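> quick one, what's the 3D model for this:
(one chain, ligands or ions: 1)
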Amino acid sequence: MANPPLPLVRIGGTPREMGLELGRARKDSIRHMITNVQAFLEETYGQIRLSWPEAILQAHKYLPFAQELTPRYVEELRFAAEGADVSFDDLMVLNCLEAITTDALHLLGCTTFALTEEHTAEGRVMIGHNEDWLPADESDVFLLHAEPDGEPGYLAMTYGALVPNIGFNAAGICQCCDSVYPTDVRIGVPRVFVSRAVLAARTISSAITAAIAPHRAAGYNHVLVHSSGEVYNVEVSARHFAMMYAQAGMLVHTNHYLSRRMARLENDSQHLIGSRVRYFRATRLLRRSHRHDLNSLQGILRDHVNYPNSICSHEAIDDNPLDRQKTVCSLIVDLNEKQMHAAWGAPCQNEYHTYRLEV
Ligand SMILES: [Zn+2]
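Below you'll find the predicted structure:
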């Protein structure tokens, strides 16, 4: 059965106002995600050995680092907890989940690509992203239209009470993140707080600088695009990074490090074969045309080669709970039109709907 259009929540003002509005608007979904993650940790206790009280203890170690780098987003999260009438500790666990499970969620995917005017029919700068995550959280995905005091407004996709980081802002900066698996992880600023700060950047260089913030716990891959057509890929770990520039106006990233420098830091590369297959498949499909439009890009995000670990990712029936994932949301951003076309769930089964940043 197809999903309806994604819910859109509008918030704005101070961190306190934004947090409270978000917590109240998404109360049921925030509670649902906490319950899901609790059930997930119970189900995988034999492998990860992390009870909920232990998860809270672990998440507490990351809090001072998040507080120091991004006090504003920690405050927003505190008030989101108040608005949803849940404990802040529980929300910190959700926002530190990748770190405190020591990246046991190893097969979590995501496919991202960016195209400049040379590759699109109407000279647009466009970004595509499939968000692959725990299937049980699909119902918690929503879009956020935010107008924070003193920072650029943004339109982002997130779920439950995860600090938003995938989307674009009024300064014309778009960010999509893909999980990567470095070996140099440490206690530090959790990835989602680092990448939330990127979404507040007003220039491409400040976006890149924010992605490599000091004392970060680990790193994502950040595809960073400016509406002028500047496209960068920044591969990050806790202590290292590599920058790449789009070749011939096109860039693709999945979940393995592409740069030689970062590949040396990759943990368990043998578990990332599916990521490599998605990378080459998306690259080939994008190269087929110099006149991509919304339809052709939707077709690529719906691709099923190497099913179920395809670009449009599906849950395999016999999956280990740690490997269970599917595409929970699919996005195409048109930076020139300030539009996001988003499908809720696997894009092969769901229509894209159009949302606009109105700031
Ligand atoms: Zn599909």
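> for residue 182, which non-adjacent residue is closest in space?
Spatial nearest neighbour of residue 182, chain neighbours left out: residue 237 (3.2 Å); criterion: C-beta to C-beta, 6 or more residues apart in numbering. In short, each C-beta sits where N, CA and C put it, glycine included.
> my read is that that neighbour contacts residue 220, right?
No. Using C-beta atoms under 8 Å, residue 237 is not in contact with residue 220, being 9.7 Å away.
> identify the contacts common to the two.
Contact criterion C-beta atoms under 8 Å, 6 or more residues apart in numbering; residues shared by residue 237 and residue 220: residue 180.
> the ion contacts on this protein?
Proximity of the chain to the ion is confined to 312, 346, 348 under the rule C-beta under 5 Å from the ion.
> over to the residue of the stretch 101-250 of the chain found nearest the ion. Which of the three states is it?
Going by C-beta to the ion, the ion is nearest to residue 130 of the stretch 101-250 of the chain, at 9.4 Å. Judged by DSSP: H, G, I helix; E, B strand; the rest coil, the three-state class of residue 130 is strand.
> ok, now which ones touch it?
109-112, 301, 311-313, 327, 329-331, 347.
> let me see the contact set for residue 187.
Residue 187 sits next to 61-62, 65, 217 when contact means C-beta under 8 Å, 6+ apart.
> list the buried residues of stretch 256-264.
Buried residues in stretch 256-264, defined by neighbour count with 16 or more other C-beta atoms under 10 Å: 256-259, 262.
> next one: stretch 304-315
309-314.
> next: stretch 136-149.
Within stretch 136-149, judged by 16+ other C-beta under 10 Å, the buried ones are 136-148.
> mind saving the C-alpha coords of that stretch as PDB?
Provided in PDB are the C-alpha atoms of stretch 136-149 (Å, rounded to 0.1, in the frame of the first residue of the first chain):
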ATOM      1  CA  ALA A 136      10.600   0.100  11.700                       C
ATOM      2  CA  ASP A 137      11.300   3.800  11.600                       C
ATOM      3  CA  GLU A 138       9.800   4.500   8.200                       C
ATOM      4  CA  SER A 139       6.600   5.700   9.800                       C
ATOM      5  CA  ASP A 140       8.700   8.400  11.700                       C
ATOM      6  CA  VAL A 141      10.100  10.200   8.700                       C
ATOM      7  CA  PHE A 142       8.900  13.800   8.100                       C
ATOM      8  CA  LEU A 143      10.000  17.000   6.500                       C
ATOM      9  CA  LEU A 144      10.900  20.100   8.500                       C
ATOM     10  CA  HIS A 145      10.500  23.700   7.300                       C
ATOM     11  CA  ALA A 146      12.500  25.700   9.800                       C
ATOM     12  CA  GLU A 147      13.200  29.400  10.200                       C
ATOM     13  CA  PRO A 148      15.700  29.600  13.100                       C
ATOM     14  CA  ASP A 149      16.600  33.100  14.500                       C
END
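> circling back to that earlier point, make a markdown table from the buried residues of stretch 304-315 and add secondary structure and pLDDT to it.
Below are the buried residues of stretch 304-315 laid out as a markdown table (DSSP: H, G, I helix; E, B strand; the rest coil; pLDDT from 0 to 100):
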| residue | secondary structure | pLDDT |
| --- | --- | --- |
| 309 | coil | 91 |
| 310 | coil | 96 |
| 311 | coil | 97 |
| 312 | coil | 98 |
| 313 | coil | 96 |
| 314 | coil | 94 |
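> how near is residue 312 to residue 132?
9 Å (C-beta to C-beta, to the nearest Å).
> let me see the domain layout of this structure.
8-100, 111-356 (automatic domain parsing).
> what helix or strand does residue 80 sit in?
In this assignment (DSSP states H and E), residue 80 forms part of helix 71-84.
> ugh, wrong one, I meant residue 342
Per DSSP H and E, residue 342 falls inside strand 339-344.
> what comes up buried for the next helix or strand after that strand?
Where DSSP H and E defines the elements, the next helix or strand beyond strand 339-344 is strand 353-356. By neighbour count on 16+ other C-beta under 10 Å, the buried set for strand 353-356 is residue 355.
> avg pLDDT for strand 353-356?
Mean per-residue pLDDT for strand 353-356: 98.
> and residue 22, which of the three is it?
Following three-state DSSP, the label given to residue 22 is helix.
> just residue 281 next, same as before
Going by three-state DSSP: residue 281 is helix.
> related to what we said a few turns ago, burial count for the residue nearest to residue 182?
By other C-beta atoms under 10 Å, the residues close to residue 237 number 25.
> can you report phi and psi for it?
Note on residue 237: its backbone torsions stand at phi -130, psi -170 [degrees, to the nearest 10].
> next, the contact list for it, please.
Residues near residue 237 by C-beta under 8 Å, 6+ apart: 180, 182-185, 218-219, 262, 265.
> looking at the residues you listed, state which has the most neighbours.
Among those, the one with the most neighbours (other C-beta under 10 Å) is residue 219, at 30 neighbours.
> could you check the pLDDT of that residue?
For residue 219, the pLDDT comes out at 94.
> is it true that it touches residue 242?
No. Using C-beta under 8 Å as the test, residue 219 is too far from residue 242 to be in contact (10.4 Å).
> give me the common contacts of the two.
residue 235.
> who touches both of residue 312 and residue 132?
If you check residue 312 and residue 132 against C-beta under 8 Å, 6+ apart, the residues they both contact are residue 327.
> nearest spatial neighbour of residue 207, skipping sequence neighbours?
Counting by C-beta to C-beta, 6+ apart, residue 207 lies nearest to residue 201, which is 3.7 Å off, once chain neighbours are set aside.
> pretty sure that neighbour sits in a helix.
No. Going by three-state DSSP, the assignment for residue 201 is coil, not a helix.
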